[in-house]
Every structure is written in C-alpha cells, then in structure tokens.
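Undergrad: this one's sequence-less:
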C-alpha cells in the first residue's frame, strides 16, 4: 500500500550517505522547521538535516552498526480524493497507493490501519522490505528497510505523512518506539 513512501524513504537514506554540504547538523536549540502548520523537530539525539524540497522536512543519522542509517521525514502530500471518516480515508488511501514495488525491493511485511493523530484522520502503517540494490558487505544478504508512521488528512487536497525508516540489519530498538520518538515531537504551530 505504501509503495511510493518506500521509494521516497530510500532517497533520503541514500542522501544520508552523502557528506556535507548536502547535510548539516540539526541544532536542537534552533527553532524547528515548519511544515503545513506543524513544527517538525528532529527526534532525540544527533541528526543531520537533509536539504530537500519545501514540501518536506527530512533528518538522517547513522546507526551504531556499519551500514545502518535512520531517517525521519515529514512530507506534505497531495490528496486527490475525498473522505468523511477515518475509515473512508484509510480505504481511499489504500486504493490510491496500490501498485507494485520497484524491482529493487522484496516485501517482507506490510500492515496498515485507520488511526487518529492530534485529532486528524490517519492511517498508521508499517512496511518491511529487503533492499536488493543497496550496498552491503561481501557475504551478507540484502539489508532490511523498515518504515513506519502515519499519513494524516489535513483537509481537502492535502495530507501530512510522518515516517521513520531504518535501513540495515533490522535489529536494534523496536521501530514503533523510534517512530513515537519522532511523531510525538511534531506539534501544531502555536
């Protein structure tokens, strides 16, 4: 269901492999960037801010193990359908995003369900794929790309997707805790 999001997450994770000036440290003391009426600070810890289009705020950091990269993103998406309830929103989003993954990915697990976040109708999602095209040490299998988050309707024609992704071994802190560390920090502008 979240095929486009998987491909977009890989773009940010690959950007995370770049060196400055494409990346700069996200200063936790600075006012957080704003997107669609929300402040979007980085998750706790040391993160790089990734330069990108105005419709997204992206952060990346490296894991402790070699080849592990984390990304946290807030992305403003067009919403080409209407809905009345969270369930209708979830069903319409599933239809809109249906389609095959690019050839580089092999699905492992995918789950989505209607949810709410800050009173907005949302879809909570989690996707795990194997990234067949990612660089990896000799003798190891394809790395795992895990992504989870929320896609929330902001009103007619717009949605906000908050996603946390991790590429690497598939081990470490449970992804739902990492997602919460990012999503809980995103708050309406006061």
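TA: That came in fine, so what should we check first? In this text the structure is predicted, and so the values were computed from the model without any measurement.

Undergrad: how much space between residue 30 and residue 76?
TA: Noted for residue 30: a distance of 21 Å to residue 76, by Cβ to Cβ, to the nearest Å. Placement of C-beta: from N, CA and C, glycine included.

Undergrad: Mind checking which of these two has more residues around it?
TA: When residue 30 and residue 76 are compared for neighbours, residue 76 comes out ahead with 18 against 10, by other Cβ atoms under 10 Å.

Undergrad: Helix or strand: which one has the residue nearest to the spatial centre of the chain?
TA: For the chain, the residue sitting closest to the mean C-alpha position, by Cα atoms, centre = their mean, is residue 163 at 2.4 Å. Using DSSP states H and E, residue 163 sits in strand 158-168.

Undergrad: What's the first helix or strand after that strand?
TA: Following strand 158-168 in sequence order, the next helix or strand is helix 175-183 (DSSP H and E).

Undergrad: so what secondary structure elements neighbour that next one?
TA: In terms of contacts (3 or more Cβ pairs under 8 Å, 6 or more residues apart in numbering; DSSP states H and E), helix 175-183 is packed against strand 144-155, strand 158-168.

Undergrad: returning to that earlier point: now the strand holding residue 163: buried residues?
TA: By neighbour count on 16 or more other Cβ atoms under 10 Å, the buried set for strand 158-168 is 159-168.
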